[in-house]
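Enquirer: Task: produce atomic coordinates for the following.
(one chain, ligands or ions: 1)
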Amino acid sequence: GTALRVPTDVTLAAGTGADLAVAARQRCDEGFDVLKLKVGTDAAGDLERVRAVRAAVGPQVRLRLDANQGWTPREAVRVIRGVEDAGLDVELVEQPVARWDLDGMAWVADRVDVPILADEAVFGVRDLVAVIRRRAADLVNVKLAKCGGLRPARTLLELAREHGMGTLVGSMMESQVGVGAAASLAAAYRTSAVSDLDAAWWLAWSPVRGGLRYEGATVVLPDAPGLGITAVTETKIQHRG
Ligand SMILES: [Mg+2]
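Expert: Purely as a prediction, here's the structure:
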């Protein structure tokens, strides 16, 4: 790809509404404008957590939720409808129910307006075909560590796009090496939703020389071949700026 700048969201770890509000404001001060909020640990409190974050950041910041398979289908519909009815303006909800429950996820997707993003439900191409057949999700989160590398990831992105599904590129808790590869994919393939590539931002220092760096909410790729990494290092190299 020719693009060297890939915007990313940043994740707010699960916590109380008050903790999340503080963390959300901090991340916005650091330049992020898409926040991913972990929910699904306790359906009863999830609506209040989303409300606390929305109140803390105001209407301009985009909020997305990741339930990490934590809800039953009924809980998912109850919480998501609650979010909708409260006007909390959530961009998408990631993996609301167990990864194996595609019928449950389709049942949820059918009953709410907020788009549903499949994560754990889609590792490889066969999984994505099953999701498409059942209309179980509106978007898919493509991660290199799930699907096995750049080539299958490209296939997933193309397959999703051909079937009118939205896409985004995410990562596991990875360093500049893995995130650099994922950001390169996103730069080359243009996804429909902002990438989820904050993993390396959380590291205190980069373990490599060269490679990506973060500028606020943007992953900046080096203008160099491959990942642009020139050495593994013990030196503490700053990678945020
Ligand atoms: Mg996820």
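Enquirer: Please, where are all the helices along the chain?
Expert: Assigned by DSSP state H, the helices in the chain fall at 17-29, 43-57, 73-85, 102-111, 125-134, 144-147, 150-162, 176-189.
Enquirer: By residue count, tell me the biggest strand in this protein.
Expert: strand 229-237 (DSSP state E).
Enquirer: hey, C-alpha coordinates of that one in PDB?
Expert: Extracted as PDB, the C-alpha positions of strand 229-237 are listed here (Å, rounded to 0.1, in the frame of the first residue of the first chain):
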ATOM      1  CA  ILE A 229      12.200  -2.900  11.400                       C
ATOM      2  CA  THR A 230      16.000  -2.700  11.400                       C
ATOM      3  CA  ALA A 231      17.000  -4.300  14.700                       C
ATOM      4  CA  VAL A 232      15.700  -6.000  17.900                       C
ATOM      5  CA  THR A 233      16.900  -3.900  20.700                       C
ATOM      6  CA  GLU A 234      17.300  -3.800  24.500                       C
ATOM      7  CA  THR A 235      17.400   0.000  24.400                       C
ATOM      8  CA  LYS A 236      14.300   1.800  25.600                       C
ATOM      9  CA  ILE A 237      13.000   3.300  22.400                       C
END
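Enquirer: Quick one: residues in contact with it.
Expert: 176-177, 180, 204-211 (Cβ atoms under 8 Å, 6 or more residues apart in numbering). For the C-beta atoms, the positions are set from N, CA and C on the backbone; glycine is no exception.
Enquirer: Quick one: name the residues of this structure near the ion.
Expert: Applying Cβ under 5 Å from the ion, one finds that the chain approaches the ion through 66, 94, 119.
Enquirer: So which of the residues you listed is the closest to the ion?
Expert: residue 119 (3.7 Å; Cβ to the ion).
Enquirer: Confirm for me that that closest one is in contact with residue 170.
Expert: Yes. Between residue 119 and residue 170 there is a contact at 7.1 Å, judged by Cβ atoms under 8 Å.
Enquirer: Now the least confident helix or strand in the chain by mean pLDDT: buried residues?
Expert: In the chain, no helix or strand scores lower on mean pLDDT, DSSP states H and E than strand 229-237, which sits at a mean of 85. Across strand 229-237, burial judged by 16 or more other Cβ atoms under 10 Å covers 229, 237.
Enquirer: Tell me which strands that strand pairs with, and in which orientation.
Expert: Using DSSP bridges, the strands paired with strand 229-237 are strand 206-210 (antiparallel).
Enquirer: Report the contact partners of the closest residue to residue 150 other than its chain neighbours.
Expert: Leaving aside its sequence neighbours, residue 150 sits nearest to residue 185 (Cβ to Cβ, 6 or more residues apart in numbering; 6.0 Å). The contact partners of residue 185, taken as Cβ under 8 Å, 6+ apart, are 142, 144, 150, 153-154, 157, 169.
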